[in-house]
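Asks: predicted model, plus sequence, below.
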Amino acid sequence: RAYGMEEPPGSSSGVGAAQSSGSYVEDSGPSDRAHYGPKPGRWELREDWLAAHPTLTGMMSLDVADSSRVYAAFLVYLDLLEARNWHEVSYDGLAEFQLICLHGREREADDLQVVVPTPVHVSFSHERLRQIMKRTRTMSDSPMSITLAIVASDSTIVYYKLTDGFVMPDPPDNTADVDNKQQRKKRKRLLR
């Protein structure tokens, strides 16, 4: 209903045409209305949902890391669950390293993996990484390895798989794809 105008007789809704001085004015809907927010009684997203998230409050209650490391761990936790669809993701505090580490499975049948989230400004020595690997060995099903999740200030996350020593890569899923790639490389060389 256009504000400041009378409603035509027989009209029960405020939406539609309004009569004023013999002309009709169409109500274009919510853009003509003064109230733009959600109507009372409807579901509203709370602005503080992040601070009230049970996993974030649980990580903060471990009291093992500063707020930037807790926030980085929470962002990685959400990324693993929501974007990467990991299974059985949980967290533990490593007080001696002032870290929160995550562990979970990339696929249901996979081994348990340890992920160490860290803000981009934190640096690690080789010795410190080795100590973290030794400490987290009991949490993982794989031999002395961790995935370092580095969180940038814009919430970009880069994952690095770190192992103690060299690890042979898994064979490709489809050997026909490898053969095709090799044939293409040979053809390119011959055409030069």
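Replies: On my side now, so go ahead.

Asks: shouldn't residue 70 be in contact with residue 100?
Replies: Yes: assessed by CB atoms under 8 Å, residue 70 is found in contact with residue 100 at 6.3 Å. To be clear about C-beta, it is placed using only N, CA and C from the backbone, and glycine gets the same treatment.

Asks: strands along this protein, start to end?
Replies: 17-20, 23-26, 87-94, 99-105, 113-119, 145-151, 157-163 (DSSP state E).

Asks: the ones you listed: which one's closest to residue 50?
Replies: Smallest distance to residue 50 across the strands of the chain (CB to CB): 14.9 Å, for strand 145-151.

Asks: tell me the confidence at the closest residue to residue 74 other than its chain neighbours?
Replies: Nearest residue to residue 74, sequence neighbours excluded (CB to CB, 6 or more residues apart in numbering): residue 56, at 4.8 Å. Note on residue 56: pLDDT of 85.

Asks: my guess is residue 56 contacts residue 67. True?
Replies: No: using CB under 8 Å, residue 56 is not in contact with residue 67; the gap is 10.5 Å.

Asks: looking at these two, which is more packed in?
Replies: A count of neighbours by other CB atoms under 10 Å puts residue 56 above the other of residue 56 and residue 67, at 19 against 8.

Asks: tell me the contacts of that one?
Replies: Under the criterion of CB atoms under 8 Å, 6 or more residues apart in numbering, the neighbours of residue 56 are 50, 70, 74.

Asks: tell me how far it lies from residue 99.
Replies: Residue 56 is 16 Å from residue 99, where distance means CB to CB, to the nearest Å.

Asks: all set, thanks.
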